[in-house]
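S.K.: sequence unknown, structure follows:
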């Protein structure tokens with residue numbers, strides 16, 4: 001049985017499949033339990049997204065970023081990373097997506113082709129990104145982006161935060177899904193961000209089945 005929770009997480013979808021049911025009654029119990037657990041997982045992901053939005057928004061309001069003081073901005077980003085080990089990297093880019101300050105990337109690195117950077121700069125609002133291979137250690141990741149405005153409220157760049165997708169394995173350990181259940185997290189394009197239990201046929205970074213994506217896009 002397919003249980004879908006799509007609207008709970010902006011730009012991300014979560015799916016749970018409870019496996020084979022032994023009876024209608026047990027199937028309903030399994031489905032209800034699966035939905036409770038997927039809602040818990042969705043809530044965790046929502047909190048990650050919201051805390052990241054608040055963190056980047058706070059940084060974007062600091063004078064070091066509004067005045068584009070690259071040296072001091074870099075110092076702050078390194079300190080933020082040291083105190084937030086759940087993240088891989090924090091970066092500031094200019095309006096062309098070029099790195100001007102970062103906790104781990106070199107200045108001049110081009111992030112202009114990344115969806116989260118493009119969308120945040122074009123739409124001028126916080127954006128949840130798509131599946132990426134990050135430029136720090138090439139691990140599968142997801143990134144978030146917040147536009148930055150100068151003291152005259154003109155767009156001056158954007159701040160990004162990157163999370164490695166392996167971290168979702170630790171989140172899964174907090175859940176108690178029905179036996180034989182699988183859990184998946186996908187981005188706005190239907191690209192697999194997380195899948196448990198891991199399977200060679202369902203790799204992170206690959207697209208989910210068209211029928212599953214169609215069901216999620218339709219809301220159930």
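M.R.: Great, that's in hand. Not measured: the values here are computed from a predicted model.
S.K.: residue 153 in helix, strand or coil?
M.R.: Three-state assignment for residue 153 (DSSP: H, G, I helix; E, B strand; the rest coil): coil.
S.K.: look up how far residue 120 lies from it.
M.R.: Plainly put, residue 153 is 16 Å away from residue 120 if you go by Cβ to Cβ, to the nearest Å. Any C-beta I mention is one placed from the backbone N, CA and C, and that applies to glycine too.
S.K.: looking at these two, which is more packed in?
M.R.: For residue 153 versus residue 120, neighbours defined as other Cβ atoms under 10 Å are more numerous around residue 120 (28 against 8).
S.K.: give me the phi and psi for that one.
M.R.: Main-chain dihedrals, residue 120, degrees, to the nearest 10: phi -70, psi -40.
S.K.: leaving out the residues flanking it, which one is nearest to it?
M.R.: residue 145 (3.7 Å; Cβ to Cβ, 6 or more residues apart in numbering).
S.K.: pLDDT wise, what is the residue nearest to the spatial centre of the chain at?
M.R.: Closest to where the C-alpha atoms of the chain average out (Cα atoms, centre = their mean) is residue 142, at 4.4 Å. With respect to pLDDT, residue 142 scores 89.
S.K.: so what secondary structure elements neighbour the strand or helix carrying it?
M.R.: Following DSSP states H and E, one finds residue 142 within strand 140-149. Using 3 or more Cβ pairs under 8 Å, 6 or more residues apart in numbering; DSSP states H and E as the contact test, the elements touching strand 140-149 are helix 24-60, helix 63-66, helix 115-123, strand 127-133, strand 155-164.
S.K.: so what's the residue lying closest to residue 73 once chain neighbours are set aside up against?
M.R.: Of all residues not flanking residue 73 in the chain, residue 101 sits nearest, at 3.9 Å (Cβ to Cβ, 6+ apart). Applying Cβ atoms under 8 Å, 6 or more residues apart in numbering, we find residue 101 in contact with 70, 71, 73, 74, 77, 91, 92, 107.
S.K.: show the average pLDDT along the helix or strand hosting residue 101.
M.R.: Element membership of residue 101, judged by DSSP H and E, is strand 99-102. For strand 99-102, the mean pLDDT works out to 98.
S.K.: and that strand, which strands flank it?
M.R.: Strand 99-102 pairs in its sheet with strand 89-93 (antiparallel), by DSSP bridges.
S.K.: sorry, back to before: give me the distance from the strand holding residue 101 to the chain's centre.
M.R.: Here the centre of strand 99-102 is set off from its chain's centre by 20 Å, with Cα atoms, centre = their mean, to the nearest Å.
S.K.: pLDDT weak spots in this protein?
M.R.: 1-31, 33-34, 168-169, 171-181, 216-220 (pLDDT under 70).
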